Each structure stands twice: as C-alpha cells, then as structure tokens.
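prediction below, plus the sequence it came from.
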Amino acid sequence: MKKIWRSRKIVVLITLLLTAKIVLYLSNLEAQENWKEEAFAQADEYRSSIQLEEKRLKEKMESGTHPDLEVRQEALSEVSRTLYEWRNTIYHKNWKDYPKFEQAFIHRVRNYQDHGGTFDSLEGLELDIAEAKTEWMVDRL
C-alpha cells in the first residue's frame, strides 16, 4: 500500500475523479438553469395567448353575440390558474411535480377548446404531441 501512495498514481487518479465529479455537478447545475429559462419562455408564450383570448372574449361579451361565453370564460380562467401554478413550480425548480402541472395545463387547454375557444400557442397536432409527452412523463416519474 505504501508503494502505491508513494508512486502518487493513486493521488493523481483520485484528483482526476474528484475533478470530473465537480465538472459534472456544475454542468448539471447550469443545465437546470437553462431548463428553467426555457420553461419560463414557453409559459410566457402561453400567458400571451391567454391574454389575447381574454381580450377576444371580452370583446365578444360586450357585443353579446354568443350565449355560451360565460362557460368559455370560466374554462379560460381555469387555464390561467393552472398556468400560474405551473409557473410557480418552475420558479421553485420543483422538477418532480413539473410534468403533473404541465399535464393539468394541457388538459385545461383541451377543455377550453372543447368549449369553442381557440388557443393559438397550442393547437391541433402540437397539442396532441404535448399531451402525449406529458402523459409519458407523468407515467414514468
């Protein structure tokens, strides 16, 4: 054992392993910050769509053209509340619960669209893909 320590090969090996571990830790930390920024950017896009829809609904309600606007407005409020909870999860870096809140948001968007609303940021095939992705993530985590 003394021979190994004296040859300093083990010291170099331990130093290399510790350095590699520290580099891996720091890159993971940086990646989490990037995930947070990307998630906030996506959530901001959805928030813009919600604000646009709220404006459209308000204009339609003022003109009094559709009788089912109150149901649609309630569904949009649910979308907005769920987005707020999802953003809160992102802010606190609660990545374990992130897929559940994303899935809840997507279900609320689907419900809003089922009530006749449009959601420009997430429609059609894009919504189907997001729904499948979050379902997979929730099942696996």
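Cool, the structure landed. Numbers count the residues shown, from 1 in each chain.

got the contact list for the residue nearest the centre of the chain?
Relative to the mean C-alpha position of the chain, the nearest C-alpha, by Cα atoms, centre = their mean, is the one of residue 39, at 4.8 Å. Contact analysis of residue 39 by Cβ atoms under 8 Å, 6 or more residues apart in numbering lists 90, 98. (C-beta placed from N, C-alpha, C; glycine too.)

residue ranges with poor pLDDT in the protein?
Confidence mapping of the chain against pLDDT under 70 gives the ranges 1-6, 65.

which one's the longest helix in it?
If you go by DSSP state H, the chain has its longest helix at helix 9-63.

centre of the chain to it, how far?
Helix 9-63 sits 8 Å away from the centroid of its parent chain (Cα atoms, centre = their mean, to the nearest Å).

cool, and stretch 131-140?
12 Å.

residues contacting it, please?
For stretch 131-140, using Cβ under 8 Å, 6+ apart, the contacting residues are 99-100, 102-103, 106-107, 110.

one more time with 7 Å
Residues from elsewhere that reach stretch 131-140, judged by Cβ atoms under 7 Å, 6 or more residues apart in numbering: 99-100, 102-103, 106.

in strands only, show me those residues.
Per DSSP state E, strands hold no members of those.

between those, identify the one with the most neighbours.
residue 102 (24 neighbours; other Cβ atoms under 10 Å).

distance-wise, check that one relative to residue 68.
Distance, residue 102 to residue 68, by Cβ to Cβ, to the nearest Å: 27 Å.

and if you look at residue 37?
38 Å.

list of residues touching the helix or strand residue 76 falls within?
Element membership of residue 76, judged by DSSP states H and E, is helix 69-91. Applying Cβ under 7 Å, 6+ apart, the external contacts of helix 69-91 come out as 36, 39-40, 43, 46-47, 50, 53-54, 57, 60-61, 97-98, 101-102, 104-105, 108-109, 111-112, 115-117.

sounds good, over and out.
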